[in-house]
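1. Got a predicted structure here, sequence first:
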Amino acid sequence: MDVITVTRDEEGSTGLLPLPLQDITYMEYQKSINRIIIHTLDGIYYTVGTLKYWACTIASTGYDFVLADRNTVINISKIKYIDSAFKTAYFEERDLKNAEKCYLSVKGYEKIVTLIRSSVSRVILN
């Protein structure tokens, strides 16, 4: 199991935790705190470094993470539904209003939809 070392708070005062890569839904850079925020279905975590570094490193490990916009890297294997009107990827099939979601740039949306269509996927494209 591949893991990334993260913290539960942005300052790191809660100590380090291992987080399995397959649990990550998406990662985003937050300039105001100069941290990478890592989203999972169970919560958010923090790490340091650049988004470009993490995107390259995780993709090189064999996971399907791609750039969703300039500040966000998304785990394609976690997407359950894509709303084409609002360029939004959802990571849960139920209750979309409260579901974990990630907004996509037009370019990121096109890239992700192309990758999903070329794979055997159960993602609902709307």
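-> Everything's here; your move.
2. does the residue nearest to the spatial centre of the chain belong to a helix or a strand, and which?
-> The C-alpha lying nearest the average C-alpha coordinate of the chain belongs to Tyr26 (Cα atoms, centre = their mean; 1.1 Å). Following DSSP states H and E, the helix or strand that holds Tyr26 is strand 24-30.
3. Could you look up the next helix or strand downstream of that strand?
-> Elements were assigned by DSSP H and E; along the chain past strand 24-30, the next helix or strand is strand 35-40.
4. Identify each buried residue in the helix or strand just after that following strand, please.
-> Downstream of strand 35-40, the first helix or strand assigned by DSSP H and E is strand 43-47. Within strand 43-47, the residues that qualify as buried by neighbour count (16 or more other Cβ atoms under 10 Å) are 45-47. Every C-beta, even on glycine, is put in place using the N, C-alpha and C of the backbone.
5. would you turn those residues into TSV with distance to Leu21?
-> Written out in TSV, the entries for these read as follows (distance: Cβ to Cβ, whole Å):
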residue	distance to Leu21
Tyr45	12
Tyr46	16
Thr47	12
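6. circling back to that earlier point, in the strand holding Tyr26, what's buried?
-> Neighbour-count burial for strand 24-30, counted by 16+ other Cβ under 10 Å, picks out 24-29.
7. And the strands in this structure?
-> Here the chain has its strands, by DSSP state E, at 3-6, 17-20, 24-30, 35-40, 43-47, 65-69, 72-75, 81-83, 88-90, 101-103, 124-125.
8. Mean neighbour count, the ones you listed: which tops it?
-> Counting by mean count of other Cβ atoms under 10 Å, strand 72-75 has the highest mean neighbour count of those, with a mean of 24.
9. List the strands paired with that strand, with their directions.
-> According to DSSP bridges, the neighbouring strands of strand 72-75, each with its direction, are strand 24-30 (antiparallel), strand 65-69 (antiparallel).
10. In this protein, where is pLDDT below threshold?
-> Counting by pLDDT under 70, the chain has low-confidence residues at 120-122, 124.
11. what about the longest helix in it?
-> When the chain is scanned for its longest helix (criterion: DSSP state H), the result is helix 106-117.
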